[in-house]
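In: here's my sequence, what's the structure:
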Amino acid sequence: MRPLNDPGQYDDLADQWWAPRGQFAMLHWIAEARARLVPEAVREGSLLLDLACGGGLLAPHVAGKGHRHVGLDLSPTALPLARDHGVVPVRGDVTRLPFASAVADVVVAGEVLEHVPDPPELVREACRVLRPGGTLVIDTIAATWWGRFSSVTVGERIPAGPPKRLHDPALFVDRRALSRAASSCGVLLTMTGLRPSALDYVQWLAGRKPSVRMLTTRSTAGLFQAVGTKPLTRIGTPS
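Out: Got it, this is the predicted structure:
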(Lines give C-alpha, C1' and ligand atoms only; values in the text may rest on other atoms or scores of the structure.)
Protein backbone atom coordinates (compact mmCIF):
# COMPACT_ATOMS: atom_id res chain seq x y z
CA MET A 1 0.00 0.00 0.00
CA ARG A 2 1.38 3.38 -0.99
CA PRO A 3 1.59 6.20 1.58
CA LEU A 4 -0.93 9.04 1.60
CA ASN A 5 -0.41 11.56 -1.21
CA ASP A 6 2.16 9.39 -2.99
CA PRO A 7 2.45 10.76 -6.57
CA GLY A 8 3.26 7.25 -7.74
CA GLN A 9 -0.46 6.51 -7.50
CA TYR A 10 -0.96 8.47 -10.70
CA ASP A 11 1.44 6.12 -12.48
CA ASP A 12 -0.37 3.12 -11.00
CA LEU A 13 -3.61 4.49 -12.48
CA ALA A 14 -2.22 5.72 -15.80
CA ASP A 15 -4.87 3.82 -17.75
CA GLN A 16 -7.60 5.75 -15.94
CA TRP A 17 -6.76 9.27 -17.18
CA TRP A 18 -9.02 9.07 -20.24
CA ALA A 19 -11.33 6.25 -19.20
CA PRO A 20 -14.84 7.76 -19.68
CA ARG A 21 -16.14 6.38 -16.40
CA GLY A 22 -12.83 5.69 -14.68
CA GLN A 23 -11.33 6.73 -11.38
CA PHE A 24 -10.42 10.18 -12.69
CA ALA A 25 -13.91 10.97 -13.97
CA MET A 26 -14.43 13.85 -11.55
CA LEU A 27 -11.11 15.37 -12.60
CA HIS A 28 -12.59 15.71 -16.10
CA TRP A 29 -15.60 17.56 -14.69
CA ILE A 30 -13.38 19.87 -12.65
CA ALA A 31 -11.14 20.52 -15.68
CA GLU A 32 -14.15 21.69 -17.67
CA ALA A 33 -15.09 24.08 -14.84
CA ARG A 34 -11.48 25.28 -14.63
CA ALA A 35 -11.45 26.06 -18.33
CA ARG A 36 -14.32 28.50 -17.85
CA LEU A 37 -11.90 30.75 -15.96
CA VAL A 38 -9.26 30.67 -18.69
CA PRO A 39 -9.57 33.79 -20.88
CA GLU A 40 -9.19 33.89 -24.64
CA ALA A 41 -5.70 34.73 -25.89
CA VAL A 42 -5.21 38.45 -26.55
CA ARG A 43 -1.88 38.23 -28.35
CA GLU A 44 -0.14 35.99 -30.84
CA GLY A 45 2.05 33.41 -29.15
CA SER A 46 0.07 33.47 -25.91
CA LEU A 47 1.29 30.81 -23.47
CA LEU A 48 -0.89 28.81 -21.08
CA LEU A 49 1.21 27.04 -18.46
CA ASP A 50 -0.65 24.08 -16.92
CA LEU A 51 0.98 23.05 -13.63
CA ALA A 52 0.59 19.35 -12.74
CA CYS A 53 -1.17 18.80 -16.05
CA GLY A 54 -1.51 15.05 -15.54
CA GLY A 55 -2.88 13.35 -18.63
CA GLY A 56 -3.86 16.68 -20.21
CA LEU A 57 -7.51 16.78 -19.14
CA LEU A 58 -7.71 20.55 -19.55
CA ALA A 59 -6.65 20.40 -23.21
CA PRO A 60 -9.98 19.80 -24.99
CA HIS A 61 -11.66 22.57 -23.01
CA VAL A 62 -9.11 25.29 -23.89
CA ALA A 63 -8.20 24.14 -27.39
CA GLY A 64 -10.11 26.95 -29.07
CA LYS A 65 -8.86 29.80 -26.87
CA GLY A 66 -5.71 30.54 -28.84
CA HIS A 67 -3.00 29.65 -26.33
CA ARG A 68 0.05 27.44 -26.72
CA HIS A 69 -0.67 24.87 -24.02
CA VAL A 70 2.42 23.77 -22.11
CA GLY A 71 1.97 21.20 -19.34
CA LEU A 72 4.36 20.52 -16.47
CA ASP A 73 4.23 17.26 -14.53
CA LEU A 74 6.51 14.79 -12.73
CA SER A 75 4.71 11.70 -13.99
CA PRO A 76 6.50 9.84 -16.80
CA THR A 77 3.29 8.00 -17.67
CA ALA A 78 0.94 11.00 -17.72
CA LEU A 79 3.00 13.30 -19.93
CA PRO A 80 2.80 11.16 -23.10
CA LEU A 81 -0.98 11.13 -22.70
CA ALA A 82 -1.00 14.92 -22.34
CA ARG A 83 1.11 15.21 -25.51
CA ASP A 84 -1.34 12.99 -27.38
CA HIS A 85 -4.09 15.48 -26.50
CA GLY A 86 -2.26 18.55 -27.77
CA VAL A 87 -0.22 19.61 -24.74
CA VAL A 88 3.47 20.46 -25.04
CA PRO A 89 4.88 18.27 -22.23
CA VAL A 90 7.63 19.35 -19.82
CA ARG A 91 8.77 17.06 -17.04
CA GLY A 92 9.45 18.99 -13.86
CA ASP A 93 8.53 19.83 -10.29
CA VAL A 94 5.78 22.39 -9.68
CA THR A 95 7.60 23.58 -6.54
CA ARG A 96 10.62 24.59 -8.64
CA LEU A 97 9.24 25.85 -11.93
CA PRO A 98 11.80 25.53 -14.75
CA PHE A 99 10.58 28.69 -16.49
CA ALA A 100 11.80 32.27 -16.68
CA SER A 101 9.86 35.04 -14.98
CA ALA A 102 6.94 36.71 -16.76
CA VAL A 103 6.61 34.25 -19.64
CA ALA A 104 3.03 32.92 -19.27
CA ASP A 105 -0.19 34.69 -20.18
CA VAL A 106 -2.19 32.18 -18.12
CA VAL A 107 -0.97 29.95 -15.30
CA VAL A 108 -3.29 27.15 -14.20
CA ALA A 109 -2.73 25.22 -10.97
CA GLY A 110 -5.55 22.69 -10.91
CA GLU A 111 -5.88 20.04 -8.22
CA VAL A 112 -2.24 20.35 -7.18
CA LEU A 113 -1.98 22.77 -4.24
CA GLU A 114 -3.44 20.13 -1.91
CA HIS A 115 -0.54 17.81 -2.81
CA VAL A 116 2.43 20.06 -2.00
CA PRO A 117 3.94 20.94 1.41
CA ASP A 118 3.93 24.72 0.85
CA PRO A 119 0.95 25.91 -1.26
CA PRO A 120 1.70 29.64 -0.75
CA GLU A 121 5.20 29.16 -2.17
CA LEU A 122 3.78 27.43 -5.23
CA VAL A 123 1.39 30.35 -5.71
CA ARG A 124 4.27 32.81 -5.48
CA GLU A 125 6.15 30.76 -8.09
CA ALA A 126 3.08 30.75 -10.32
CA CYS A 127 2.84 34.53 -10.01
CA ARG A 128 6.55 34.87 -10.81
CA VAL A 129 6.20 33.18 -14.20
CA LEU A 130 2.98 35.07 -15.00
CA ARG A 131 3.20 38.05 -17.34
CA PRO A 132 1.80 41.42 -16.20
CA GLY A 133 -1.87 41.39 -17.13
CA GLY A 134 -1.88 37.58 -17.07
CA THR A 135 -4.41 35.37 -15.32
CA LEU A 136 -3.86 32.90 -12.50
CA VAL A 137 -6.42 30.06 -12.21
CA ILE A 138 -6.52 27.69 -9.23
CA ASP A 139 -8.72 24.92 -7.93
CA THR A 140 -8.01 22.97 -4.78
CA ILE A 141 -9.46 21.74 -1.46
CA ALA A 142 -9.87 23.90 1.64
CA ALA A 143 -8.33 22.94 4.98
CA THR A 144 -11.67 22.58 6.77
CA TRP A 145 -13.71 19.76 8.27
CA TRP A 146 -15.98 19.99 5.23
CA GLY A 147 -13.01 19.73 2.87
CA ARG A 148 -11.86 16.58 4.65
CA PHE A 149 -15.37 15.10 4.87
CA SER A 150 -16.41 15.81 1.28
CA SER A 151 -13.13 14.88 -0.41
CA VAL A 152 -11.94 11.99 1.77
CA THR A 153 -14.56 10.58 4.14
CA VAL A 154 -17.29 10.61 1.48
CA GLY A 155 -15.40 11.39 -1.72
CA GLU A 156 -13.17 8.32 -1.60
CA ARG A 157 -16.19 6.05 -1.19
CA ILE A 158 -18.37 7.14 -4.11
CA PRO A 159 -18.11 6.45 -7.85
CA ALA A 160 -15.95 9.06 -9.66
CA GLY A 161 -14.52 10.29 -6.35
CA PRO A 162 -10.75 10.41 -5.81
CA PRO A 163 -8.94 7.09 -5.34
CA LYS A 164 -8.32 6.13 -1.73
CA ARG A 165 -5.18 7.57 -0.13
CA LEU A 166 -4.61 9.99 -3.01
CA HIS A 167 -5.05 12.91 -0.61
CA ASP A 168 -3.48 13.72 2.73
CA PRO A 169 -5.92 16.05 4.54
CA ALA A 170 -3.00 17.57 6.45
CA LEU A 171 -1.98 19.23 3.15
CA PHE A 172 -5.35 20.80 2.39
CA VAL A 173 -5.14 24.51 1.72
CA ASP A 174 -5.50 27.48 4.06
CA ARG A 175 -7.51 29.96 2.00
CA ARG A 176 -6.26 33.03 3.86
CA ALA A 177 -2.63 32.00 3.40
CA LEU A 178 -3.36 31.42 -0.28
CA SER A 179 -4.84 34.89 -0.68
CA ARG A 180 -1.94 36.49 1.21
CA ALA A 181 0.63 34.75 -0.99
CA ALA A 182 -1.06 35.90 -4.19
CA SER A 183 -1.62 39.40 -2.81
CA SER A 184 2.09 39.71 -1.98
CA CYS A 185 2.64 39.39 -5.75
CA GLY A 186 -0.09 41.91 -6.57
CA VAL A 187 -2.65 39.26 -7.55
CA LEU A 188 -6.01 39.61 -5.80
CA LEU A 189 -7.87 36.31 -5.82
CA THR A 190 -11.61 35.88 -6.17
CA MET A 191 -12.77 32.57 -4.72
CA THR A 192 -15.90 30.52 -5.36
CA GLY A 193 -16.89 27.04 -4.26
CA LEU A 194 -17.49 24.10 -6.60
CA ARG A 195 -19.77 21.11 -6.27
CA PRO A 196 -21.15 18.53 -8.69
CA SER A 197 -24.76 18.88 -9.80
CA ALA A 198 -26.69 16.29 -7.78
CA LEU A 199 -29.15 15.72 -10.63
CA ASP A 200 -26.38 15.27 -13.17
CA TYR A 201 -24.56 12.90 -10.84
CA VAL A 202 -27.61 10.66 -10.44
CA GLN A 203 -28.08 10.63 -14.22
CA TRP A 204 -24.37 9.88 -14.70
CA LEU A 205 -24.61 6.96 -12.27
CA ALA A 206 -27.57 5.66 -14.29
CA GLY A 207 -25.58 5.94 -17.52
CA ARG A 208 -27.81 8.69 -18.90
CA LYS A 209 -25.21 11.48 -18.98
CA PRO A 210 -21.57 11.33 -20.10
CA SER A 211 -20.40 13.89 -17.53
CA VAL A 212 -21.48 16.01 -14.58
CA ARG A 213 -21.62 19.80 -14.41
CA MET A 214 -19.64 21.43 -11.62
CA LEU A 215 -21.71 24.24 -10.13
CA THR A 216 -20.34 27.30 -8.37
CA THR A 217 -21.33 27.94 -4.76
CA ARG A 218 -20.89 30.75 -2.28
CA SER A 219 -19.13 28.54 0.24
CA THR A 220 -15.44 27.85 -0.40
CA ALA A 221 -15.16 25.43 2.53
CA GLY A 222 -14.67 22.36 0.33
CA LEU A 223 -13.54 22.22 -3.27
CA PHE A 224 -13.02 25.77 -4.53
CA GLN A 225 -11.71 27.85 -7.42
CA ALA A 226 -9.67 31.03 -7.33
CA VAL A 227 -8.84 33.44 -10.12
CA GLY A 228 -6.85 36.67 -10.25
CA THR A 229 -4.96 38.96 -12.62
CA LYS A 230 -1.37 40.12 -12.27
CA PRO A 231 -1.30 43.93 -12.45
CA LEU A 232 0.29 45.62 -15.42
CA THR A 233 3.74 46.98 -14.78
CA ARG A 234 3.64 50.72 -14.37
CA ILE A 235 6.08 52.69 -16.46
CA GLY A 236 7.69 55.42 -14.40
CA THR A 237 8.23 58.94 -15.66
CA PRO A 238 11.91 59.60 -16.51
CA SER A 239 13.52 62.08 -14.14
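
In: between the two ends of stretch 217-228, how far is it?
Out: Terminal residues of stretch 217-228 lie 18 Å apart, using Cα to Cα, to the nearest Å.

In: typed the wrong thing, it's stretch 219-230
Out: By Cα to Cα, one end of stretch 219-230 lies 25 Å from the other end.

In: what's the answer for stretch 158-166, then?
Out: Across stretch 158-166, first to last residue, Cα to Cα, it's 14 Å.

In: may I see the buried residues of that stretch?
Out: 160-162, 166 (16 or more other Cβ atoms under 10 Å). All C-beta spots, glycine's among them, are computed from the backbone N, C-alpha and C.

In: give me the residues contacting that stretch.
Out: Under the contact criterion Cβ atoms under 8 Å, 6 or more residues apart in numbering, stretch 158-166 has outside partners 1-6, 9, 13, 21, 23, 25-26, 29, 151-152, 154-156, 201, 204-205, 212.

In: please, a ChimeraX command that selects the buried ones among these?
Out: Under the burial definition 16+ other Cβ under 10 Å, those of the contacts of stretch 158-166 that qualify are selected in ChimeraX by:
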select :5,9,13,23,25,26,29,151,152,155,201,204,212
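
In: so what secondary structure elements neighbour the helix or strand harbouring R176?
Out: Using DSSP states H and E, R176 sits in helix 175-183. With contacts defined as 3 or more Cβ pairs under 8 Å, 6 or more residues apart in numbering; DSSP states H and E, helix 175-183 has these neighbours: helix 119-129, strand 130-141, strand 223-229.

In: mind checking which of those is nearest R91?
Out: When the helices and strands packed on helix 175-183 are compared by Cβ to Cβ, helix 119-129 sits nearest R91, at 16.6 Å.

In: end to end, how far does stretch 94-106 reach?
Out: End-to-end distance of stretch 94-106 (Cα to Cα): 15 Å.

In: let me know the distance separating P163 from P76.
Out: P163 is 19 Å from P76, where distance means Cβ to Cβ, to the nearest Å.

In: quick check: angle from the helix or strand hosting V108 to strand 223-229?
Out: V108 is part of strand 104-110, with elements assigned from DSSP H and E. Computed by axes from the mean of the first three to the mean of the last three Cα atoms, to 10 degrees, the angle separating strand 104-110 from strand 223-229 equals 170 degrees.

In: what's around G8, how many residues?
Out: A count of nearby residues for G8, using other Cβ atoms under 10 Å, gives 12.

In: kindly apply the preceding question to D15 instead.
Out: Neighbour count of D15, defined by other Cβ under 10 Å: 12.
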